[in-house]
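In: next one to model:
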Amino acid sequence: MRFGKSFLKISFLWILIFLILSLLPQPIWRGGVIAGLPSNLATSTPTHTQTPTPPETPTTPTSPSPTPSPTTPTVPETPTSPTPTVPQTPTMYTIPFPDIVGHPAEQAIRHLWIRGLVNGFPDGTFRPDAFLTRAEFSKLLTLSLGVTSFTPSTPSFFDVPPDHWAFPFIEGGRNLGIKPFFLFQGFPDGTFRPGAFITAAEALTLIARSKGWEDTLVTATPTSPFEDVPPEHWAFQEILACLAYGVVQSEKVSPDSPLSRGDAAIFFFRAIDQPAVKSIYISLSEQRLYALEGARIVYEFPTLTGKHGWPTPPGTFYVLEKAPAVDMRGGLGVEEYYVPNVPWVLFFISRVYAIHGNYWKPESYFGNDPTYTGSHGCVGLIPEHAKLLYDWAPVGTKIVITWERLKG
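Out: Next up is the predicted model:
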């Protein structure tokens, strides 16, 4: 009985102690960190004879820390604009002619294609070794001269009707410039034969004439620089001119053989940027002056030439001297005159005959019959026109004065 009371007293005492301790702070060990202390004051797990079993898998608590700065600075993003590159000189162009790669005419064909002067066939080929027709050559020559197509009401050749694909190009060359420069004359039977193959001699002749290179032609040559073009060949002079201007660069020309499309491209590639020869043509019947570069008209002006008794001499002359202004006198006691400060003078016969500006006659006189209102033999121009011609024509420019009508 005494033992039972003692046991109850001890149990009550333990319960009392437990209640008192539960009211005090709880310095309980949890995974090596004392609850209630800052994490930087926590020490390593203390040695203890009894390690309490944690309620869950222990983790080492870490206080939140800012995102660490990277040790390597962040490289700015590549700008949206393209990175500059070293310019490359283009050496090839993509064109739809796989059959010209490696061909001797490849560079020439590419050059002409880029300039819009040549094209290929519907199957994407160029066929550089195929022969060139007269119609195809007409288109190439006309486009290379910058001549717009021409469609007259009446065809010039009965075998080239208006519905022929080359009609505007053949007519454009036929009516290019003035009559001495009509390139496509056709055959005596009135045909052009557009589907016939053009020969090397015919092609080179037309190239030379289109550039006005006849001034470079010689009248006689004792020996020929060519293996197959003797001096008596009908196209010798024109082919020789093409040699002088670098269009022909071989001693063998095969003048009477059909010209291939590739060889034609080479000829035009060499000729297209060569300078054309300047010349002046004056039609006394039309009272017009034509300034030409090759076969292309650069200027066309009305003129006032010599009146009755004082004719302007026809013939072929050259600009001998230029003067911005001179005093002119003459008449030899018959009809003496004196005109000061005659502007923009191009002398072509000594200092007697000239093309010049005429400021003392009304503009209505120019381009009309000069029988009673004309000059004393010189070729008068409206002063503004004379200035343009003066600036354009160098000394040595050929002047052709003719009674032939040069237009139409």
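
In: what segments of the stretch 201-350 of the chain are helices?
Out: Assignment of helices within the stretch 201-350 of the chain using DSSP state H, counting those that start in this stretch yields the ranges 236-244, 261-271.

In: for residue 196, give me its contacts.
Out: Contact criterion Cβ atoms under 8 Å, 6 or more residues apart in numbering gives 133-134 as the residues in contact with residue 196. No exception for glycine: its C-beta is placed from N, CA and C like everyone else's.

In: actually residue 381, not the one I wrote
Out: Here residue 381 is in contact with 289, 301-304, 344, 355-358, 366, 389 (criterion: Cβ under 8 Å, 6+ apart).

In: please redo it, this time with the cut-off set to 7 Å
Out: By Cβ atoms under 7 Å, 6 or more residues apart in numbering, residue 381 lies in contact with 289, 301, 303, 355, 357-358, 389.

In: who's it bridged to?
Out: Here residue 381 sits in beta bridges with residue 357, going by DSSP bridges.

In: tally of neighbours for residue 368?
Out: When counting by other Cβ atoms under 10 Å, one arrives at 13 neighbours for residue 368.

In: same question for residue 209.
Out: With neighbours defined by other Cβ under 10 Å, the count for residue 209 comes to 19.

In: that one and residue 184 touch, don't they?
Out: No - applying Cβ atoms under 7 Å, one finds residue 209 not in contact with residue 184, separated by 10.6 Å.

In: setting aside sequence neighbours, what's the nearest residue to residue 111?
Out: Of all residues not flanking residue 111 in the chain, residue 269 sits nearest, at 5.4 Å (Cβ to Cβ, 6 or more residues apart in numbering).

In: distance check, that neighbour against residue 206.
Out: From residue 269 over to residue 206 the distance is 16 Å, taken as Cβ to Cβ, to the nearest Å.

In: with residue 146 instead?
Out: Between residue 146 and residue 206 the computed distance is 16 Å (Cβ to Cβ).

In: I'd assumed residue 343 was in contact with residue 354.
Out: No - no contact is recorded between residue 354 and residue 343 when judged using Cβ under 7 Å, the distance being 11.2 Å.

In: which one's more surrounded, those two?
Out: Per other Cβ under 10 Å, whichever of residue 354 and residue 343 has more neighbours is residue 354, with 25 against 18.

In: any idea how far residue 180 is from residue 398?
Out: 11 Å.

In: any stretches of this structure with poor pLDDT?
Out: In the predicted model, the chain carries pLDDT under 70 at residues 1-95, 215-222, 333, 408.

In: residue 146 and residue 206: who's more crowded?
Out: Set side by side, residue 146 and residue 206 show more neighbours around residue 206, with 22 against 7, by other Cβ under 10 Å.

In: apart from its chain neighbours, what residue comes closest to that one?
Out: Ranked by Cβ to Cβ, 6+ apart and with sequence neighbours excluded, the top spatial neighbour of residue 206 is residue 183, at 5.4 Å.

In: count of residues packed around the one you found?
Out: For residue 183, the count of nearby residues is 22 (other Cβ under 10 Å).

In: how about the contacts made by residue 181?
Out: With contacts taken as Cβ under 7 Å, 6+ apart, residue 181 has the following neighbours: 209, 292, 295.

In: over to it: give its phi and psi.
Out: For residue 181, the backbone dihedrals are phi -110, psi 10 (criterion: degrees, to the nearest 10).

In: over to the one 5 residues further on?
Out: Backbone dihedrals for residue 186, given as degrees, to the nearest 10, come out at phi 80, psi -170.

In: mind checking how far it is from residue 173?
Out: Here residue 186 is placed at a distance of 11 Å from residue 173 (Cβ to Cβ).

In: which residue of the two possesses the greater neighbour count?
Out: For the pair residue 186 and residue 173, the greater number of neighbours falls to residue 173 (28 against 18), based on other Cβ under 10 Å.

In: SS state for the more buried one?
Out: helix (DSSP: H, G, I helix; E, B strand; the rest coil).

In: what about it, distance to residue 291?
Out: 20 Å.

In: list the neighbouring strands of the longest strand along the chain plus their orientation.
Out: When the chain is scanned for its longest strand (criterion: DSSP state E), the result is strand 337-349. Strands adjacent to strand 337-349 in the sheet, as given by DSSP bridges, are strand 321-330 (antiparallel), strand 353-357 (antiparallel).

In: now for residue 318: which residues touch it?
Out: By Cβ under 7 Å, 6+ apart, the contact list for residue 318 reads 348, 396-399.

In: cool, and residue 171?
Out: Neighbour list for residue 171: 150-152, 156 [criterion: Cβ under 7 Å, 6+ apart].

In: quick one, which of those residues are buried?
Out: Applying 16 or more other Cβ atoms under 10 Å to those, the neighbour count classes 150, 156 as buried.

In: quick check, nearest of the contacts of residue 171 to residue 329?
Out: Distance to residue 329 across the contacts of residue 171 (Cβ to Cβ) is lowest for residue 150, with 46.7 Å.

In: how about the CA coordinates for stretch 289-300, as PDB?
Out: Once side chains and other backbone atoms are set aside, the C-alpha atoms of stretch 289-300 remain, and they are given as PDB (Å, rounded to 0.1, in the frame of the first residue of the first chain):
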ATOM      1  CA  LEU A 289      22.200  69.400-140.700                       C
ATOM      2  CA  TYR A 290      22.700  66.000-139.100                       C
ATOM      3  CA  ALA A 291      25.400  65.400-136.500                       C
ATOM      4  CA  LEU A 292      26.100  61.600-136.200                       C
ATOM      5  CA  GLU A 293      28.000  59.300-134.000                       C
ATOM      6  CA  GLY A 294      28.500  56.300-136.200                       C
ATOM      7  CA  ALA A 295      25.000  55.700-137.700                       C
ATOM      8  CA  ARG A 296      23.200  57.300-134.800                       C
ATOM      9  CA  ILE A 297      21.800  60.900-135.100                       C
ATOM     10  CA  VAL A 298      22.900  63.000-132.200                       C
ATOM     11  CA  TYR A 299      21.600  66.400-133.400                       C
ATOM     12  CA  GLU A 300      19.400  67.500-136.200                       C
END
